[in-house]
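K.L.:
Got a predicted structure here, sequence first:
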Amino acid sequence: MEELLKGIYELTVKMKHSLNEDDFEEFEKLTDKRNSLMSKVDEWKVKEKNYIYSSQEQQWLKNTHSLDQLIAPLLQKKLTETQVLLNQLKKQKQVSQQYRPFITQTNGVFLDSKR
């Protein structure tokens, strides 16, 4: 069990590093690996109903939890930045599409209706 919890902690450290480096593909891979380890811990807990964590295992859990508390706002910030960029791209695309028919016109006459 201690190896699983240590692995979860090490993956969480790597997740924080990859998020700081903006390596989102690596972050996703590490998240998948960590989730599989967490499911193994859950299976272990189901098999051993009265299992009590050792002091070292409790320390791994506390460290992992504290890192998760640091990662959550950072991840939220990155998601917000990405959403802002996507919205800007959508607006730029809409503006360029509004002027698209105008670009195709090469000849023409402007008639002022007030005169």
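P.N.:
Cool, the structure landed. Since the structure is predicted, the reported quantities are computational estimates derived from the model, not experimental observations.

K.L.:
For the spatially closest residue to residue 41 that is not a sequence neighbour, list the residues it contacts.
P.N.:
Nearest non-adjacent residue to residue 41, counting by C-beta to C-beta, 6 or more residues apart in numbering: residue 4, 5.2 Å away. Placement of C-beta: from N, CA and C, glycine included. Residue 4 makes contacts with 37, 40-41, 44, as judged by C-beta atoms under 8 Å, 6 or more residues apart in numbering.

K.L.:
Nearest residue to the spatially most central residue of the chain in space, ignoring adjacent ones along the chain?
P.N.:
Closest to where the C-alpha atoms of the chain average out (C-alpha atoms, centre = their mean) is residue 75, at 5.5 Å. Closest residue to residue 75 apart from its sequence neighbours, by C-beta to C-beta, 6+ apart: residue 19 at 6.3 Å.

K.L.:
same question, residue 74
P.N.:
Nearest to residue 74 is residue 19, by C-beta to C-beta, 6+ apart, at 5.7 Å.

K.L.:
Using just helix, strand and coil, how would you label the one you found?
P.N.:
What DSSP: H, G, I helix; E, B strand; the rest coil gives for residue 19 is helix.
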